[in-house]
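> Structure of the sequence below:
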Amino acid sequence: MKDNSLIIIPTYNEAENIIVVINMIFSLDDCYSILVVDDNSPDGTSNIVSNLKKDYEDKLFLITREKKDGLGSAYRVGFKWAMEKKFNYIFEMDADLSHDPNEIKKLKSLLVNGECDVAIGSRYLDGVSVVNWPLSRIFLSYFANIYVRFITCMPVKDSTSGFVGFSIEALSSLDINKIKFNGYAFQIEMKFKLWKKKFKLKEHQIIFVNREHGDSKMNKNIIFEAIIGVIKLKFNSIFKKNE
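Below you'll find the predicted structure:
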């Protein structure tokens, strides 16, 4: 099977970051392709990506949706596209440069070498490796992950991480249409369901750097969804055989 990898980047108002992150990824290795899933950003993010496509023929792809519809929804679209195109390693990462593209190669090596089926870029594997976040947000994120481990018993220290690589075998085992959550809960749901299916999850320490440009998409609804969503995931895993 051809060793081809796809990085999926969901965007909404990332015009200040998207050129840099795309160029950094393509400077790594010619085996990588990028799919940008843009939610019709008012700042013209999709137009920027369209203009870049001529420089990266057959390597840069764009799906522009009609409206802002959530992170999880964007990834569901991207995952289905990736599976249709038969990529064998699929990665998700943020567009805001909080995830260092250089770490993709390390995550990929864990998958290629058979060390895991899901490679997680972790902020909390060995202490806390977060730069320029306010202390309140570090506490929220750190203790949210402790809460997830307590409820689910999943042996992952950064279950809310959005920097993740999947083998096609792991990803295709899921019914993507049944992945319902959209924010942090989406990231937890993906990992939890794959763990329940006995796929191997492994964390790799990264340094997470807070965005310099653009606005965070964090809001109270995302936090609430994660708190309630974790309980729903655990409940469904016990009482519903199809979950």
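
> the strands in this structure, which residues?
5-11, 32-38, 60-64, 89-92, 118-122, 130-131, 164-167, 201-205, 208-209 (DSSP state E).

> how about JSON lines for these, with distance to Thr45, mean pLDDT and mean neighbour count added?
Every C-beta, even on glycine, is put in place using the N, C-alpha and C of the backbone. Output for the strands of the chain, formatted as JSON lines (distance: least, Cβ to Cβ, whole Å; pLDDT from 0 to 100; neighbours: other Cβ atoms under 10 Å):
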{"stretch": "strand 5-11", "distance to Thr45": "5", "mean pLDDT": "97", "mean neighbour count": "25"}
{"stretch": "strand 32-38", "distance to Thr45": "5", "mean pLDDT": "97", "mean neighbour count": "23"}
{"stretch": "strand 60-64", "distance to Thr45": "9", "mean pLDDT": "97", "mean neighbour count": "18"}
{"stretch": "strand 89-92", "distance to Thr45": "17", "mean pLDDT": "98", "mean neighbour count": "25"}
{"stretch": "strand 118-122", "distance to Thr45": "23", "mean pLDDT": "98", "mean neighbour count": "25"}
{"stretch": "strand 130-131", "distance to Thr45": "24", "mean pLDDT": "90", "mean neighbour count": "14"}
{"stretch": "strand 164-167", "distance to Thr45": "22", "mean pLDDT": "98", "mean neighbour count": "26"}
{"stretch": "strand 201-205", "distance to Thr45": "28", "mean pLDDT": "97", "mean neighbour count": "19"}
{"stretch": "strand 208-209", "distance to Thr45": "20", "mean pLDDT": "92", "mean neighbour count": "20"}
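
> wait, which of the ones you listed is closest to Phe143?
Evaluated over the strands of the chain, closeness to Phe143 peaks at strand 130-131, with 13.3 Å, by Cβ to Cβ.

> outside of the longest helix belonging to the chain, which residues touch it?
Assignment by DSSP state H gives helix 220-239 as the longest helix of the chain. Helix 220-239 has contacts (Cβ atoms under 8 Å, 6 or more residues apart in numbering) with 140, 144, 147-148, 151-152, 160, 181-185, 188-189, 192-193, 196, 243.

> Apply the buried test to the residues you listed and list what passes.
Taking 16 or more other Cβ atoms under 10 Å as the criterion, what is buried in the contacts of helix 220-239 is 144, 148, 151-152, 160, 181-185, 188-189, 192-193, 243.

> low-confidence ranges in the chain?
1-3, 211-224, 226, 240-243 (pLDDT under 70).

> so where do the helices sit in it?
Listed in chain order, the helices of the chain (DSSP H) span 18-26, 45-52, 71-84, 103-112, 135-152, 168-172, 184-196, 220-239.

> Which strands or helices does the shortest one pack on?
When you say that, I think you mean helix 168-172. Under the contact definition 3 or more Cβ pairs under 8 Å, 6 or more residues apart in numbering; DSSP states H and E, helix 168-172 sits against helix 71-84, strand 89-92.

> about what we covered before: of the helices of the chain, give the one that comes closest to Ala119.
Ala119 lies closest, by Cβ to Cβ, to one member of the helices of the chain: helix 103-112, at 4.1 Å.

> what's next to the closest one, contact-wise?
Helix 103-112 has contacts (Cβ under 8 Å, 6+ apart) with 3, 5, 7, 25, 28-29, 32, 89, 91, 93, 116-117, 119-121, 163-167, 202, 204, 206.
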